[in-house]
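Enquirer: Return atomic coordinates for the entry below.
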Amino acid sequence: MNKIGLTYNTEKEQIVISEYGRCIQEMIKKLPEIEDRAQRTEAAKYIISVMVQMNPQIKESSDYEHKLWDHLYMISGYQLDLDSPYAPPIPATQKSKPQHIGYQNNNIKYGHYGQYIVKMIEAASQEENDEVREALAYSIANQMKRNYLEWNKSVVNDQVILDDLKEISHGRLVITEETKLGTTGEMLGKTQPQPKQQQQQGQGKKKKKKVPNLKANMNNPNNPAYKKRMQELGKL
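Expert: Numbering: from 1, shown residues only. Sure thing, here's the model as predicted:
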């Protein structure tokens, strides 16, 4: 139900840049009504200062002043005639959409290992030297286990990693079942607990004996040294 004197935001002009709000937009729309060019430019500079206060995070950019003037022109509909320190933006470049970069069409069967692991396996499979190929296979298998645990943080059987390595390399990279890969704790970067001997090291140090305060003891009447001193002085 419409009431007299009330308007809704949905009935008003759409806000061009919401970060600055409707008040800033209305102030910019009033700029063309100022006939004097110098006064119009000064009014625009004042609006720029208010825009900074409304959107302070824009100051994090090195060229934020240039962006503010561009936003000023954009909100006005590119209709301002000012002595701007920067060239007015071109509407066509502001409204054009960037070129679509497209999606990758690589079909990776083992996505949890990643594309680079597959490329590493392909490169290692071309190695003719048996010893070098075996060393590369062992390093790649450890990296495969690390990637697997990042994807699924649970214990993984080494045989699963070795079977996948053999399948991806089409049988070129084969590691014997006796070969042990890195432990799960090493792969996840967990440190081993320190032995109790190291934790208790330093606890058995002897405490320093307190040095007796000689001056305080000399003033104690129950101290034999105090009585001897007093006898020498003839006071006892």
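
Enquirer: Name the next helix or strand downstream of the longest helix seen in the chain, please.
Expert: Looking across the chain with DSSP state H, the single longest helix is helix 130-151. Downstream of helix 130-151, the next assigned helix or strand under DSSP states H and E is helix 158-168.

Enquirer: Residues contacting that following helix, please?
Expert: If you take Cβ atoms under 8 Å, 6 or more residues apart in numbering as the criterion, helix 158-168 is touched by 110, 113, 118, 121, 137, 140-141, 144-145, 148, 173-175, 177, 179-181. All C-beta atoms are positioned from the backbone trio N, CA, C, and that covers glycine.

Enquirer: What is the neighbour count of residue 102?
Expert: The tally of other residues near residue 102 (other Cβ atoms under 10 Å) stands at 6.

Enquirer: swap in the one 10 residues further on?
Expert: When neighbours are counted by other Cβ under 10 Å, residue 112 registers 14.

Enquirer: Residue 182 too?
Expert: Using other Cβ under 10 Å, residue 182 is surrounded by 14 other residues.

Enquirer: residue contacts, it?
Expert: Counting by Cβ under 8 Å, 6+ apart, residue 182 touches 142, 145-146.

Enquirer: how about the longest helix of the chain: buried residues?
Expert: Neighbour-count burial for helix 130-151 flags 133-134, 136-137, 140-149 (criterion: 16 or more other Cβ atoms under 10 Å).

Enquirer: so can I have CSV of these showing distance to residue 98 and pLDDT?
Expert: What follows is these, written out as CSV (distance: Cβ to Cβ, whole Å; pLDDT from 0 to 100):
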residue, distance to residue 98, pLDDT
133, 45, 90
134, 48, 90
136, 41, 92
137, 43, 92
140, 38, 93
141, 41, 92
142, 41, 91
143, 35, 91
144, 37, 91
145, 40, 90
146, 36, 89
147, 32, 89
148, 36, 88
149, 38, 87
